[in-house]
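Asks: Here is my input; please provide its structure:
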Amino acid sequence: MAHPPTDVTQLAMVDTARAARVLSELRTARLSGQRTPVAPRPVIEQSWGRMLRGGIDPDHDHRSGLLSADEVRRRRETSVLRHVLPVLREGLLSVADVAHHIMVVADEDGRVLWREGSPAVLRRADGLGFELGADWREDVVGTNGIGTPAVVRRPVQVFASEHFVRSQTTWTCTGAPITDPRDGRLLGVVDVSGPLETMHPATLAWVDSVAKLAEARLRELHLASLERLRAVAAPVLARVGGRALAVDRDGWTAAVTGMPYTGRVTLPKSLSAGRRWLPPLGLCSVEPLAEGWLVRASDEPLPPGATRIVLDLSQPRRWSVTVSGSAGSWCHELSPRHAELLYLLALNRDGCSAAGLAEAVFGDPARRVTVRAEMSRVRRYLGGLLEHRPYRFVEGSEVELHLPADPRDLLPQSTAPAARQARGPAETP
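Replies: All right, here's what the predicted structure looks like:
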């Protein structure tokens, strides 16, 4: 008979010290394989399962090397998160300092790039390895408020002995992922941490709200930059014949002429001026334009040759599709939903109907409209490599699927029936 999960929030509201003792006893019993009267919260139990499968030692602190000061500086200068630091500071620091917390901002690799707040707590954090340049990925240092939210892609509070590694059990961490509002890509995690006695049940909602404000600010900045590019591109496009569009450095469209509007064009990571093959436009002439590119589409056919499509789902947080052919190669990072859909198409080369995909993803075949909307977004970067009625990869393409070594690590945040079935029965630590 399954045990009910521990209600940490309710317990801590009454007695923080008692909550910490209960969790300590629960952790000790669970990791030694003993039966317990209550179960860990599902998000914690699933994380512990990943740690046990990955061989993380719960009793010994392992730390990877710190980044150099120069590398921290380089990552700060190139991280999109630098644009939302004022939002994070305004929303979190004033309260964090009073409550004896610190604010920590890590990039998508789990590396700590900014750390601010109570000086006394910062000194205590040094002893835990919570330093600038430190690696706080879940599969390196265990269940924690930076690595775990990055894996499950939602806010998580890790209280006391919910941490997997013993040295962290005197600490409370509450983290929320910050994603790119344009495509859902993980940009990093903002975390508020402090000694366990500073834990408050409202911290989770507070940190999540500020993370959403940061994402809203990124959306505003994106729209403003497209508007600036549109103003520059308008007179240029007015003189261009045929199909053309102006896109920013990430491929987001500012303006088009002679063709239907498309929200984004997938660009190679290192794009230079010249003739390039761009999905789904085909062969194009590319030239610099302000803070973006002027792209002129050609009607020439794609050079002959086999197309290889690699769907990589082997990493817990980074899913991608890479397309290679005679015209070159390009890679696109996938959102969790698009990773689910392409996984299903890779398994079913004969194709899936919208109803079939809705059943496999949502458990509800009636959600066909949602599936069609998502597949429309997928086709913006895969273009002619996807057929529809039914949805499938184009005939003749070579599709390669890379999966995690352990099936239980496949798309860990996914609640899709197909993914849950592939992961198999939940493991009990």
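
Asks: Quick check, central residue of the protein?
Replies: Residue closest to the average C-alpha location in the chain (Cα atoms, centre = their mean): residue 186, at 3.1 Å.

Asks: Wait, that residue touches residue 107, no?
Replies: No. At 9.3 Å, residue 186 does not count as touching residue 107 under the criterion of Cβ atoms under 8 Å. C-beta: built from backbone N, CA, C; applies to glycine.

Asks: Please identify which helix or strand holds residue 250.
Replies: Per DSSP states H and E: residue 250 is located in neither a helix nor a strand.

Asks: Could I get the contacting residues of it?
Replies: Residues in contact with residue 250 (Cβ atoms under 8 Å, 6 or more residues apart in numbering) are 182, 264, 267.

Asks: Export those residues as TSV, with columns for secondary structure, pLDDT and distance to residue 287.
Replies: As requested, those are exported to TSV (DSSP: H, G, I helix; E, B strand; the rest coil; pLDDT from 0 to 100; distance: Cβ to Cβ, whole Å):
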residue	secondary structure	pLDDT	distance to residue 287
182	coil	88	24
264	strand	85	19
267	coil	83	13
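
Asks: which one of those sits closest to residue 373?
Replies: Taking Cβ to Cβ as the measure, residue 264 is the one of those closest to residue 373, at 15.1 Å.

Asks: So, low pLDDT: which residues of the stretch 251-400 of the chain?
Replies: Applying pLDDT under 70 to the stretch 251-400 of the chain flags residues 300-306, 326-328.

Asks: how about the strands in it?
Replies: Per DSSP state E, counting those that start in this stretch, the stretch 251-400 of the chain carries strands over the ranges 253-257, 274-278, 282-289, 292-297, 308-312, 319-325, 328-334, 386-387, 392-393, 398-402.

Asks: The third one: partners in the sheet, and parallel or antiparallel?
Replies: The reference is to strand 282-289. strand 274-278 (antiparallel), strand 292-297 (antiparallel) (DSSP bridges).

Asks: ok and it relative to strand 253-257, angle-wise?
Replies: Using axes from the mean of the first three to the mean of the last three Cα atoms, to 10 degrees, the inter-axis angle of strand 282-289 relative to strand 253-257 is 110 degrees.

Asks: Using PDB, list the CA coordinates for strand 282-289.
Replies: Output in PDB follows, covering the C-alpha atoms of strand 282-289 (Å, rounded to 0.1, in the frame of the first residue of the first chain):
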ATOM      1  CA  GLY A 282      15.400  26.400 -49.000                       C
ATOM      2  CA  LEU A 283      18.300  28.100 -50.700                       C
ATOM      3  CA  CYS A 284      18.600  31.700 -49.700                       C
ATOM      4  CA  SER A 285      20.900  34.700 -50.000                       C
ATOM      5  CA  VAL A 286      21.800  36.100 -46.600                       C
ATOM      6  CA  GLU A 287      23.300  39.500 -45.900                       C
ATOM      7  CA  PRO A 288      23.700  41.600 -42.700                       C
ATOM      8  CA  LEU A 289      21.000  44.100 -41.800                       C
END
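
Asks: How about residues contacting it?
Replies: Residues contacting strand 282-289 (Cβ under 8 Å, 6+ apart): 229, 232-233, 236, 246, 271-278, 293-302, 327.

Asks: Just give me how far that strand sits from the chain centre.
Replies: Mean-position distance between strand 282-289 and its chain equals 30 Å (Cα atoms, centre = their mean, to the nearest Å).

Asks: quick one on the thing from earlier: neighbour count says what about the contacts of strand 282-289? Which are buried?
Replies: By neighbour count, with 16 or more other Cβ atoms under 10 Å, those hold 229, 232-233, 236, 246, 271, 276-278, 293-297, 327 as buried.
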